[in-house]
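In: here is my input, please return the structure:
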Amino acid sequence: MKQVKSTIIILLISISTKLFSQAPNFENLSKYLNYVENTNLGVGSVSIFENGKEVYSKNFGQKNIQDLTLEDNFKYHVGSVTKMINATLIFKLIENNQLKLDDKLSDFYPQIPNSRIITIKNLLEHTSGLGSYVVKNGNVWVTKKVSEEEIIDLIIQQGISFQPNEKVKYSNSAYYLLTKILEKKFKKPFHKIVHTEIAKPLNLKNTASIKSNPKNIIKPYKFNNNQWSELKEEIYFPNVVGVGDIVSTPKELNIFINSLFKNKIIKKETLEIMIPILGKEDWGRGVAIWAFDERTFYGHGGDTLGSHALTIYNKENNLSISYNTNGERIPKEEFIKYIVYSLYDKAFKFPEIK
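Out: Presented below is the predicted three-dimensional model:
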């Protein structure tokens, strides 16, 4: 019996080593990204960190856009990756006893439907029942400047689609309200909170909320008639502060997520509350699970009308991947899957788009 147990233990160690200790194949990844560039399937940048340091970085596809020149310190819109930063800031308040997970929305916005039973925790984990104010009558309407009053009025009009904790439904409205709560508690606007609490302590020179007026933001492009052309309509980003307005780079997104998981921003115990419970939740409280066969990553994705982003972290390998694109033809979820498969020598067929 002891011999059988020893054999099982050795087998499990062998499997674990194969699954989690395999060195990333960066040559494979470069072949994939070169294929994407040579077949005009995308434009963007990838950064990979291992053990807290950047071990791979590549821009791709930019040469296929006529008259595009990448300036130093160019930045991408990261969309809803903003929400992970927003949630981290909320948890900093919780650590400092300035806010509690079970505090009610009615303490801040009593006019919102169900505010007396919707908690901060509900807002963070998309279980509030509130809707998505960025969409009105089936269309994204925040492409032109609108007022805070108009946004709050729409959140009230949209009402609730279920009672708190009944289900999980992604809510931009919840994170808009969390942003306003942050501003009330910190007594300063969101862009200044991001600077003083995140960007400055982590020495992030290219990460900022839109109201900081960041420069060198790369424009979004779409692919039509076998060529890239600049996307004419984008979100008016001051309308989505705290929801999807931050700009950054893949490298700095990696610095953020590594700092988060190495407890340089919030405590380990706080992070455990923030991340989803493996096997029970897809969404935690500001962080989601991204599973690729035997490998589990934690992080967040983001989409605007023309730019897309994803930053994810794998605990077992102490490895993070950040991907930004301003010219998407392969959905980011598929794109990141191919990155992971490339890194770990898993066979897959290169994507084709006709």
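In: Gly302 belongs to a strand?
Out: Yes. The assignment for Gly302 is a strand, going by DSSP: H, G, I helix; E, B strand; the rest coil.
In: could you report the neighbour count for Phe74?
Out: 18 (other Cβ atoms under 10 Å). C-betas here are computed from N, CA, C, even on glycine.
In: and the pLDDT for it?
Out: We note a pLDDT of 94 for Phe74 in this prediction.
In: thought it was touching Pro214?
Out: No. Shown here, Phe74 and Pro214 do not form a contact pair, counting by Cβ atoms under 8 Å, at 10.5 Å.
In: can you list residues touching both of these two?
Out: With Cβ atoms under 8 Å, 6 or more residues apart in numbering applied, the contact sets of Phe74 and Pro214 do not overlap.
In: after the worst-scoring helix or strand of the chain on mean pLDDT comes which helix or strand?
Out: Within the chain, no helix or strand scores below helix 2-20, which has a mean of 37 by mean pLDDT, DSSP states H and E. Next along the chain after helix 2-20, taking DSSP states H and E as the criterion, comes helix 26-38.
In: which residues touch that following helix?
Out: Contacts for helix 26-38 (Cβ under 8 Å, 6+ apart): 41-42, 46, 48, 55-56, 58, 60-61, 63-64, 330, 338-339, 342-343, 345, 350.
In: which of the residues you listed fall in helices?
Out: 338-339, 342-343 (DSSP state H).
In: hang on, the earlier thing: from the contacts of helix 26-38, which would you call buried?
Out: Buried subset of the contacts of helix 26-38 (neighbour count, 16 or more other Cβ atoms under 10 Å): 41-42, 46, 48, 58, 60-61, 64, 330, 338-339, 342-343.
In: with pLDDT and distance to Leu177 added, can I get these in a markdown table?
Out: Output for these, formatted as a markdown table (pLDDT from 0 to 100; distance: Cβ to Cβ, whole Å):
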| residue | pLDDT | distance to Leu177 |
| --- | --- | --- |
| Leu41 | 96 | 38 |
| Gly42 | 96 | 34 |
| Val46 | 98 | 33 |
| Ile48 | 98 | 35 |
| Lys58 | 97 | 38 |
| Phe60 | 96 | 38 |
| Gly61 | 95 | 37 |
| Asn64 | 94 | 41 |
| Ile330 | 95 | 33 |
| Tyr338 | 95 | 36 |
| Ile339 | 96 | 34 |
| Ser342 | 94 | 39 |
| Leu343 | 94 | 38 |
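In: what's the most distant pair in these?
Out: Maximum pairwise distance among the buried ones among the contacts of helix 26-38 (Cβ to Cβ): 24.1 Å, between Asn64 and Leu343.
In: you'd agree Leu101 is up against Thr119?
Out: Yes. Proximity of Leu101 to Thr119 meets the contact threshold set by Cβ under 8 Å, at 6.5 Å.
In: comparing the two, which shows the higher neighbour count?
Out: Thr119 (20 against 16).
In: distance check, the nearest residue to the more buried one once chain neighbours are set aside against Asn73.
Out: Nearest residue to Thr119 in three dimensions, chain neighbours excluded: Asp102, at 5.1 Å (Cβ to Cβ, 6 or more residues apart in numbering). Using Cβ to Cβ, to the nearest Å, we find Asp102 at a distance of 42 Å from Asn73.
In: those two: who's more crowded?
Out: Comparing Asp102 with Asn73 by other Cβ under 10 Å, the one with more neighbours is Asn73, at 11 against 8.
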